[in-house]
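Trainee: I would like the atomic coordinates for the input below:
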Amino acid sequence: MALPKIISNAAYSTYESQLEKEVLAGPVPGHLAIIMDGNRRYAKEVLQAEPREGHIMGRAKLEEVLGWCMDTGIKVLTVYAFSTENFNRDQEEVSFLMDLISQALRDFADDPRVHENRVRVGVLGDPSMLPESMLEAISYADERTSGYSDHHLNMAVAYGGRQEIVTAVKEIARKVKEGAMDVEDITEGTLSGHMYMSSMPDPDLVLRTSGEVRISNFLLWQMAYSELYFTDVYWPGFRYIDFLRSIRAYQQRSRRYGT
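Mentor: Okay, the predicted model is just below:
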């Protein structure tokens, strides 16, 4: 290895260690939500390969990031894995992603570190849109981790923020129609209680990779007061130092909740 490269790597390692120390000394988000974007562009621009190669690397990156969250004390990680709109993609790619996510769920459910850290693995979204193989994988992950609550990994699959709100409103309307609830009893808390993650706190930090600056129908109700962070890095290329920078940015902000 050339001397400049060695010096550069040493400087990078030193900076990462200093940043890690700084971040671990401050408050970390209790709930981190990530829009994992850029798999296909990473495959095309960096790997010069087919989109599926980017998806495979993106799946591996999720495992890595879950480890970072556990190491830094973040208790809840929610990731946007497959939106309702993603079903409009080429059906070969959709089938590949369904298989990849299904296997990822099974792998997480069998991962020793998941059990050591008592990570509850779950899926939020519309199950009616999912193939039987995915439903079986969801059930497997639920059975294997249902007794855990120290950490949570939530994968949004066949998910849309507007769809989630509509589903909650329909359920509330049904209860009103049946006389189980009065219209006057409906509050923000009522709606929150009918969301997919009703038992969990709203995200403190929402992070999106790939350089896109939008939220793409993700957790529309829950991110009302979340801090937003956007990075140009594609999801498969997301590094520990990028992760630390996002947490430091969160720590440097003052959350006023509208006051």
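Trainee: Which residues are in contact with Thr190?
Mentor: Applying Cβ atoms under 8 Å, 6 or more residues apart in numbering, we find Thr190 in contact with Ile172, Met181. Every residue, glycine included, has its C-beta placed from N, CA and C.
Trainee: Sticking with it, tell me its helix or strand.
Mentor: For Thr190, the element it lies in under DSSP states H and E is helix 188-192.
Trainee: Could you look up the next helix or strand downstream of that helix?
Mentor: strand 205-208.
Trainee: one step back: can you point out the buried residues in the helix holding Thr190?
Mentor: Of all the residues in helix 188-192, those buried under the rule 16 or more other Cβ atoms under 10 Å are Leu191.
Trainee: Please apply the same query to stretch 243-259.
Mentor: Phe243, Leu244, Arg245, Ser246, Ile247, Tyr250, Gln251.
Trainee: Helices of the stretch 1-150 of the chain, start to end?
Mentor: Ranges of helices in the stretch 1-150 of the chain, per DSSP state H, counting those that start in this stretch, are 3-24, 39-42, 51-72, 91-110, 112-116, 132-145.
Trainee: Just the pLDDT at the residue nearest the centre of the chain, thanks.
Mentor: Residue closest to the mean C-alpha point of the chain, counted by Cα atoms, centre = their mean, is Val79 at 1.3 Å. On the pLDDT scale, Val79 is placed at 98.
Trainee: where's it relative to Tyr140, distance?
Mentor: Distance of Val79 to Tyr140, computed by Cβ to Cβ, to the nearest Å: 19 Å.
Trainee: can you check Ala249 too?
Mentor: 36 Å.
Trainee: And for Arg245?
Mentor: According to Cβ to Cβ, Arg245 and Tyr140 sit 35 Å apart.
Trainee: And for Leu220?
Mentor: In terms of Cβ to Cβ, Leu220 sits 29 Å off from Tyr140.
Trainee: Give me the distance between the residue nearest to the centre of the chain and Gln48.
Mentor: Note on Val79: its distance to Gln48, by Cβ to Cβ, is 26 Å.
Trainee: same thing with Thr209?
Mentor: In this view, Thr209 and Gln48 are 20 Å apart by Cβ to Cβ.
Trainee: out of the two, which sits in the more crowded spot?
Mentor: Counted by other Cβ atoms under 10 Å, Thr209 and Gln48 do not tie: Thr209 has more neighbours, with 26 against 8.
Trainee: Once you drop chain neighbours, what's closest to that one?
Mentor: Nearest non-adjacent residue to Thr209, counting by Cβ to Cβ, 6 or more residues apart in numbering: Trp235, 4.5 Å away.
Trainee: So the one you found is in contact with Glu212, correct?
Mentor: No: counting by Cβ atoms under 8 Å, Trp235 does not reach Glu212; the two are 11.0 Å apart.
Trainee: These two: which has the busier surroundings?
Mentor: Neighbour count, other Cβ under 10 Å: between Trp235 and Glu212, Trp235 has more, with 27 against 13.
Trainee: ok, that one - contacts?
Mentor: Counted by Cβ under 8 Å, 6+ apart, Trp235 has contacts Met36, Asp37, Gly38, Asn39, Tyr42, Gly58, Lys61, Thr209, Ser210.
Trainee: Quickly name whichever of the residues you listed is closest to Ser146.
Mentor: Met36 (24.8 Å; Cβ to Cβ).
Trainee: Retrieve the pLDDT associated with that closest one.
Mentor: Predicted confidence (pLDDT) for Met36: 98.
Trainee: now it: how far from Ser95?
Mentor: 19 Å.
Trainee: Low-confidence ranges, the stretch 1-150 of the chain, go.
Mentor: By pLDDT under 70, the low-scoring segments of the stretch 1-150 of the chain are 1-8, 10.
Trainee: Let's see that with 90 instead.
Mentor: For the stretch 1-150 of the chain, applying pLDDT under 90 flags the ranges 1-14.
Trainee: Can you give me every residue that contacts Glu16?
Mentor: Tyr240, Ile241, Leu244.
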